[in-house]
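*Asks:* give me the fold of what follows.
(chains A and B)
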Amino acid sequence: DQQVKQNSPSLSVQEGRISILNCDYTNSMFDYFLWYKKYPAEGPTFLISISSIKDKNEDGRFTVFLNKSAKHLSLHIVPSQPGDSAVYFCAAAANFGNEKLTFGTGTRLTIIP
Amino acid sequence: DAGITQSPRHKVTETGTPVTLRCHQTENHRYMYWYRQDPGHGLRLIHYSYGVKDTDKGEVSDGYSVSRSKTEDFLLTLESATSSQTSVYFCAALGLAGSTDTQYFGPGTRLTVL
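*Replies:* Next comes the predicted model:
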């Protein structure tokens, strides 16, 4: 039972355009959400997070949007750069505690120069 | 990166042999984790620790055991490796990122069970 779903295994975007990565969740107890980025042969690195008390969080070129009623979140990258090519994992936690995360299956983003 | 190292980085072993993977952290973090990453499954939690000698199971704990005798070291043992345990294993620790805690990951161990 996949509680966090990333339905697009891959995505290709032209350099300079917007990249939108999507994530859906089923567990209504989740109240904290994170995005991680992973390059080949490296561990995932934390990118950005959002609490359920917000519907948007920005950090430079990265913005995460949360739609609680739809149990959906998205990561927007604007403008997309070649260095953004990586696998992106969505993760969720319950009770505002990051001690236990549930991860999605990942989306491979390729930025085309 | 919470000062997390993993050893070995690569290992090839045979079915039925015991294997131990080591995770070491230098930042005195209380929580540590072991995940496996497989195509189509993302990252799945195997076991985690919330202190010395305090551990608990994750969603895919069968066939794995862990030990934490010191704050800095978290060991993952496959008592009798099987081909289904061929995977990339990541260790993580919970550390401070800005004003909130988040999990920081090590570089991973690629394990192949023949």
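*Asks:* from here on, just use CA atoms for contacts and neighbour counts.
*Replies:* Noted.
*Asks:* endpoints of stretch B:22-32, how far apart?
*Replies:* By C-alpha to C-alpha, to the nearest Å, the extent of stretch B:22-32 from end to end equals 12 Å.
*Asks:* which stretches of the chain form strands?
*Replies:* Reading this off chain A. In chain A, strands defined by DSSP state E lie at A:4-5, A:10-14, A:19-25, A:30-38, A:45-51, A:56-59, A:62-67, A:72-77, A:86-94, A:102-103, A:107-112, listed in chain order.
*Asks:* that's the wrong chain, I wanted chain B
*Replies:* B:4-7, B:10-13, B:19-25, B:32-38, B:42-51, B:54-57, B:64-70, B:73-78, B:87-97, B:100-105, B:109-113.
*Asks:* how about those, which one is nearest chain A?
*Replies:* With C-alpha to the nearest C-alpha as the criterion, chain A lies closest to strand B:42-51 of these, at 3.7 Å.
*Asks:* tell me the mean pLDDT for the closest one?
*Replies:* Mean pLDDT, computed over strand B:42-51, is 94.
*Asks:* ok, and does stretch B:49-65 reach over to chain A?
*Replies:* No: against chain A, stretch B:49-65 shows no contacts by C-alpha under 8 Å from any C-alpha of the partner chain, the least distance being 8.7 Å.
*Asks:* what packs against the one helix or strand in chain B whose mean pLDDT sits lowest?
*Replies:* Within chain B, no helix or strand scores below strand B:100-105, which has a mean of 86 by mean pLDDT, DSSP states H and E. Strand B:100-105 sits against strand A:45-51, strand B:87-97, with contacts defined as 3 or more C-alpha pairs under 8 Å, 6 or more residues apart in numbering or on different chains; DSSP states H and E.
*Asks:* with distance to chain B, mean neighbour count and mean pLDDT added, can I get the strands of chain A in TSV?
*Replies:* Shown next, in TSV, are the strands of chain A (distance: least, C-alpha to the nearest C-alpha, whole Å; neighbours: other C-alpha atoms under 10 Å in any protein chain shown; pLDDT from 0 to 100):
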stretch	distance to chain B	mean neighbour count	mean pLDDT
strand A:4-5	10	23	95
strand A:10-14	12	15	98
strand A:19-25	13	22	98
strand A:30-38	9	22	95
strand A:45-51	7	19	94
strand A:56-59	12	14	96
strand A:62-67	16	19	98
strand A:72-77	17	20	98
strand A:86-94	8	24	95
strand A:102-103	6	24	94
strand A:107-112	9	20	98
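*Asks:* and of those strands, who's closest to B:Gly63?
*Replies:* Among the strands of chain A, the nearest to B:Gly63 by C-alpha to C-alpha is strand A:102-103 (20.4 Å).
*Asks:* just checking, what packs against the closest one?
*Replies:* Using 3+ C-alpha pairs under 8 Å, 6+ apart, strand A:102-103 sits against strand A:86-94, strand B:42-51.
*Asks:* what's that strand in contact with?
*Replies:* A:3-4, A:89-93, B:42-45 (C-alpha atoms under 8 Å, 6 or more residues apart in numbering or on different chains).
*Asks:* let's see it at 7 Å
*Replies:* Contacts to strand A:102-103, defined as C-alpha atoms under 7 Å, 6 or more residues apart in numbering or on different chains, come from residues A:4, A:89-93, B:42-44.
*Asks:* over to stretch B:37-51?
*Replies:* Residues outside stretch B:37-51 that contact it (C-alpha under 7 Å, 6+ apart): A:103-106, B:30-36, B:55-61, B:71, B:87-89.
*Asks:* tell me the contacts of the residue minimising distance to the centre of chain B?
*Replies:* The centroid of chain B falls nearest to B:Trp34 when counting by C-alpha atoms, centre = their mean (2.7 Å). Applying C-alpha under 7 Å, 6+ apart, we find B:Trp34 in contact with B:45-48, B:90-92.
*Asks:* I'm done for today, thanks for sticking with me.
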